[in-house]
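1. Take a look and give me a structure for this.
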Amino acid sequence: MTAVIIIIGVLILIAVLMYNSLIGKKNQVENIFAGVDAVLKKRFDLIPNLVASVERYMEHEKSTLEKVTALRAEAMKPGISNDQKIALDAKLTAALGSITVAMEAYPDLKANENVMHLQRSLNEIEEQISAARRAYNQSVTDLNNAIEMFPTNLMAGWMNLSRRAVFEITVAERQNVNVSHLFSRP
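-> The predicted structure is shown next:
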């Protein structure tokens, strides 16, 4: 009888430890995503200044500037899911990369002190975003592993936990940047 009580006690202890571990991992993912969100907000706040500064120089890249503005507006909408934020971030990163590359073709723009400051700020924020993405991806990987591995997968199923998406770069971002169109201005 004592052995049965000890076994039941150990099983309860294991269940509690697995539950607490899964809750800790879930909360860590949410906390780190909130950090990513904060850095993305800094980027969103910087975008109007960047667009306004480069707009008059980059008239023929107007569609890129409009795309960045539209993506920022969409990302700032309340109530969008984390998965939508991840997708918008990928699109916005690609569009901002196009602006940065395009800026190289404009000597007056490169010499503008305000634009140089904005570009340095954007580069710094992009580095912060990159670091936050890495931390988020590691945290998500830990949670996803716990959700899929035995025996925590049993507890995760009971808790209705599901896999989370990681930040991934798009196929387009993996390609080399084509700058030839920058030198064939009308």
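2. Do a quick rundown of the helices in this protein.
-> Secondary structure of the chain (DSSP state H): helices at 2-54, 62-75, 82-103, 107-111, 113-148, 152-158, 171-174.
3. out of these, which comes closest to Ala165?
-> Closest of the helices of the chain to Ala165 is helix 82-103, at 5.4 Å (criterion: Cβ to Cβ). Just so you know, the C-beta spots here come from the backbone N, C-alpha and C atoms, and that holds for glycine as well.
4. how about that closest one: buried residues?
-> Residues of helix 82-103 classed as buried by neighbour count (16 or more other Cβ atoms under 10 Å): 85-96, 98-103.
5. Let me know the angle separating that helix from helix 113-148.
-> In terms of direction (axes from the mean of the first three to the mean of the last three Cα atoms, to 10 degrees), helix 82-103 departs from helix 113-148 by 150 degrees.
6. so what does helix 82-103 touch, helix or strand wise?
-> helix 2-54, helix 62-75, helix 113-148, helix 171-174 (3 or more Cβ pairs under 8 Å, 6 or more residues apart in numbering; DSSP states H and E).
7. how does it look with 10 Å?
-> Under the contact criterion of 3 or more Cβ pairs under 10 Å, 6 or more residues apart in numbering; DSSP states H and E, helix 82-103 touches helix 2-54, helix 62-75, helix 107-111, helix 113-148, helix 171-174.
8. gap between it and the chain center?
-> Between the centre of helix 82-103 and the centre of its chain there are 10 Å (Cα atoms, centre = their mean, to the nearest Å).
9. next one: stretch 76-89
-> Centre-to-centre, stretch 76-89 and its host chain are 10 Å apart (Cα atoms, centre = their mean).
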